[in-house]
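Student: A structural model of the following input is requested.
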Amino acid sequence: MTTAETPTPTDTPSPADTPTPTDTPTPTDTPTPATPYATPATPYGTPDTPRVAVRGEAQLEVDPEIARIGVAVSARGTDRRTALDDLTRRNGQVLTLVKSYGDAVEKLETGAFSISPELTKHGRGERVRAYHGRVHLTAELTDFTTLGELTTRLADLELTQVSGPWWTLRPDSPAHGDARRQAVRDAVQRAREYAEALGAQLAALVELADLGAENTATYGLPPAPGSLRSRSGYATAETADAQPVLDLEPQRQTVYAQVNARFTMTPPDLTPKKCS
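Tutor: The predicted model follows:
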């Protein structure tokens, strides 16, 4: 008698063959958001570290370094060509005269140029009566010994107007640095005097800034448009009829400097003082 074969069951997959799920990130894998801004330092002092804020100022009187004069050349003619030719000739005379002083003239520049018609006031239509031409020049001199002679000779030229001189300092003049340094010394002295009045001493510098460079309240004087400025005046050049050569005395320049400063100081001694 034949016995039927029992079917073999399907192979069951082993645990090693079963796919494992994707690893779940642990809480430590989550990135920590960065702080967008650092905590700003407090602008005020503390009882243990008081602060004192002052403004240092300086004012210096110095000799000018540059004298600037203006020259205006004019021409008038019944036709455009005549006016333009006369203007060109007179402008050339001015340029030749100024350039003849060599190194005494540091800068010579031509500004505005214009030539315009003058219409008749009466009659019909647009009829040109004359033409007017004008050229403006500016000269800067560093040798003041030749300034009076040059302005006199320029004023003696035909239809030439001279204005000035305007006295000033160079932008990189050492006087500006001297004023800044003196303003800083003044700020330190003021802060030291305030601290000593409280029985304390200055400890450290916290901030030093030009006016307008910080968003803080100002002290002492009202806000100024800038930390440095120069003040100058002018004189008018006369014609050479009354005097052969003008005697032009340089006007001294006033240089200002202001600076804001903040210091820390030691705790003050606020105990009442006994009267002797």
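Student: isn't residue 148 right up against residue 247?
Tutor: Yes. Counting by C-beta atoms under 8 Å, residue 247 is a contact partner of residue 148 at 5.6 Å. The C-beta positions use only the backbone N, C-alpha and C, and glycine is treated the same way.
Student: quick one: the helix or strand encompassing residue 75 to chain centroid distance?
Tutor: Here residue 75 is covered by strand 66-77, with elements defined by DSSP states H and E. Relative to its chain's centre, strand 66-77 lies at 29 Å (C-alpha atoms, centre = their mean, to the nearest Å).
Student: next helix or strand past that strand?
Tutor: Next in sequence after strand 66-77, counting helices and strands by DSSP H and E, comes helix 80-99.
Student: name the next helix or strand downstream of that next one, please.
Tutor: Past helix 80-99, the next helix or strand by DSSP H and E is strand 105-119.
Student: how far off centre is that next one?
Tutor: Relative to the centre of its chain, strand 105-119 is centred 28 Å away, using C-alpha atoms, centre = their mean.
Student: cool, stretch 164-178 as well?
Tutor: The chain centroid and the centroid of stretch 164-178 are separated by 13 Å under C-alpha atoms, centre = their mean.
Student: now swap in stretch 190-209 and tell me
Tutor: In this view, stretch 190-209 has its centroid 30 Å away from the chain centroid, taken as C-alpha atoms, centre = their mean.
Student: check stretch 58-68 too.
Tutor: That offset, for stretch 58-68, works out to 17 Å (C-alpha atoms, centre = their mean).
Student: for that stretch, C-alpha coordinates in CSV please.
Tutor: In CSV, the C-alpha atoms belonging to stretch 58-68 read as follows (Å, rounded to 0.1, in the frame of the first residue of the first chain):
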residue,chain,number,x,y,z
ALA,A,58,38.4,121.9,21.7
GLN,A,59,38.8,125.2,19.8
LEU,A,60,42.1,126.2,18.1
GLU,A,61,43.1,129.4,16.2
VAL,A,62,45.5,128.6,13.4
ASP,A,63,46.9,130.3,10.3
PRO,A,64,45.1,129.5,7.0
GLU,A,65,46.8,127.2,4.4
ILE,A,66,44.9,128.1,1.2
ALA,A,67,43.6,131.4,-0.2
ARG,A,68,40.8,131.0,-2.9
